[in-house]
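In: sequence and predicted structure, then a few things I'm wondering about:
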Amino acid sequence: MALGWESLPLLPLRCVMDHLSLADTLTATAVCRNWRNALIMFEGHRDLVRLQTKQTEKNLFLARLFRRNVTKLHVHIDCEGEQLDKFFSIVLPEFFDSVKLEEIIFIGPSYLQHNYRLSPAKLNRVVTESLVFKNSHCISNLALFWCEMDAANDNDRYMHEQIEYYSRPLSFDEMPSIADSVLSRSNSSLMVFSTLQHIAVDYDYINTSALETLSHLPLFSHLSLVISEREAMQPLRWDHIAPCYPNGLDVLLHIVSLPFRKFSEVIDNVLLEGMCLISIKVYFCKTLYAPLLTALVRYKHSLRELVWADCPYNHMDSYHRVVKNLQYPQIDACNINPFILLCWQCVNLRRLVIHGYWI
């Protein structure tokens, strides 16, 4: 009798599935019971798993399938309230079984819907920090994009047996503090064992006290800050922060869809003396703001990368361009291209990208 596709041996079938994308693998599990068993019996090997918090049943399936060998976990938060609480209490604890989780990224609804007026997503502090410290031996990247840690609730320790076990050595303050914006100051003694190197947050949710707390991470050396059209930008006290990092703290700045009127605020409150700026990327701001390029000269010894990218203007007339009348005075009598001047002064600049503009 001829054998069909449903009778293929499990091990060779599982080896074939290793070469499929995540979407194709999930489709393959719907073919027949034998194909599904091949994937479940030999746990999935997927480096990157993306979850959408609204899809609870799918998330549980993916978590139980790939939790052990996943190295990068990206969580897209597209819900709130009870649905989000369900994700933190049911889905996320599954990843406490991971062997080598190196990257955890939370992306809030503001970035998913391109609406900067939405409220930030509230992350369960007990669950999130327990997962971070559980993987302290291997984690290197942590990103919170338009997300903030919620106030700790001690009852959250008992929502799942994994959380209860891994949260035992941790302590949390029920009263919120600005020093606990990213990780709790009360767990600073455990931070010395962490391999965390890179943290990415929105500029609105970082402060001097929080950076002093993060200085207990021995390998923490790169901080990515995202600036967009939000509230007023509060300056960071780099004269207080720098002594906490004897090996230095490199800053990567990302400016996204910032209105023209806010660039001066970036120069006055963000680009301050004492910050070790190594990279700045400006996306979709619809203008070239020359004073910002001039201000970058103060980082001439540290700046290594500059990216200024925008969408090319699309019009039926190829010679039609929109030119904005800038309100700052033209000081340079010889009209030197600011990019050329910056490249000449920044001796360590290694990468320059200009996209969507005529220079």
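Out: Thanks, I have the structure now.

In: so who does the residue positioned nearest the centre of the chain touch?
Out: Centroid-nearest residue in the chain, with CA atoms, centre = their mean: residue 143, separated by 3.1 Å. Under the criterion of CB atoms under 8 Å, 6 or more residues apart in numbering, the neighbours of residue 143 are 103, 104, 105, 106, 107, 199, 200, 201, 224. Yep, even glycine has a C-beta here, placed from its N, CA and C like the rest.

In: state the mean pLDDT of whichever strand or helix holds it.
Out: For residue 143, the host element (DSSP states H and E) is strand 141-145. Averaged across strand 141-145, pLDDT comes to 96.

In: what is the very next helix or strand once past that strand packed up against?
Out: Next in sequence after strand 141-145, counting helices and strands by DSSP H and E, comes strand 147-149. Other helices and strands packing on strand 147-149, by 3 or more CB pairs under 8 Å, 6 or more residues apart in numbering; DSSP states H and E, are strand 121-123, helix 125-134.

In: comparing those, which stretch has the densest surroundings?
Out: helix 125-134 (a mean of 23; mean count of other CB atoms under 10 Å).

In: so what touches that one?
Out: For helix 125-134, contacts defined as CB under 8 Å, 6+ apart pick out 88-89, 92-93, 95-96, 101, 104, 106, 139, 142, 149-154, 156-157, 159, 163, 166-167, 169-170, 172, 183-184, 187, 190, 194, 196.

In: drop anything exposed from the residues you listed.
Out: 88, 92-93, 95-96, 101, 104, 106, 139, 142, 149-150, 152, 156-157, 159, 163, 166-167, 170, 172, 183-184, 187, 190, 194, 196 (16 or more other CB atoms under 10 Å).

In: domain map for this structure?
Out: Using automatic domain parsing, the domain parsing of the chain gives 7-42, 47-220, 230-313+337-359.

In: winner for burial among those domains?
Out: The highest mean neighbour count among the domains of the chain belongs to domain 47-220 (a mean of 18), with neighbours defined as mean count of other CB under 10 Å.

In: ok now that one, how far from the chain's centre?
Out: 11 Å (CA atoms, centre = their mean, to the nearest Å).

In: next, the closest residue to residue 179 other than its chain neighbours: secondary structure please.
Out: Using CB to CB, 6 or more residues apart in numbering and skipping residues adjacent in sequence, the residue nearest residue 179 is residue 209, 3.9 Å away. Secondary structure, DSSP: H, G, I helix; E, B strand; the rest coil: residue 209 is helix.

In: what pLDDT does residue 323 get?
Out: Turning to residue 323, the model gives it a pLDDT of 44.

In: what of residue 253?
Out: The model's pLDDT for residue 253 equals 97.

In: by contact count, what packs against the helix or strand where residue 26 lies?
Out: Element membership of residue 26 [criterion: DSSP H and E] is helix 22-28. When contacts are defined as 3+ CB pairs under 8 Å, 6+ apart, helix 22-28 sits against helix 33-41, strand 48-52.

In: closest to residue 356 out of those?
Out: Counting by CB to CB, residue 356 lies closest to strand 48-52 out of the helices and strands packed on helix 22-28; the figure is 28.0 Å.

In: which other residues reach the closest one?
Out: 22, 58-59, 62-63, 66, 70-76, 78, 87, 91.

In: lowest-confidence entry in those?
Out: Minimum pLDDT across the contacts of strand 48-52 is recorded for residue 22, with 64.

In: roughly how far does residue 188 sit from residue 27?
Out: With distances taken as CB to CB, to the nearest Å, residue 188 is found 46 Å from residue 27.

In: also residue 229?
Out: Residue 229 is 40 Å from residue 27, by CB to CB.

In: swap in residue 54?
Out: 21 Å.

In: same question for residue 142.
Out: Separation of residue 142 from residue 27 (CB to CB) stands at 32 Å.

In: same thing with residue 266?
Out: Residue 266 is 46 Å from residue 27, by CB to CB.

In: now do the contacts for the residue nearest to residue 179.
Out: Contacts of residue 209 (CB under 8 Å, 6+ apart): 177, 178, 179, 181.

In: those residues: which two are farthest apart?
Out: Taking CB to CB as the measure, these span a maximum distance of 8.4 Å, between 177 and 181.
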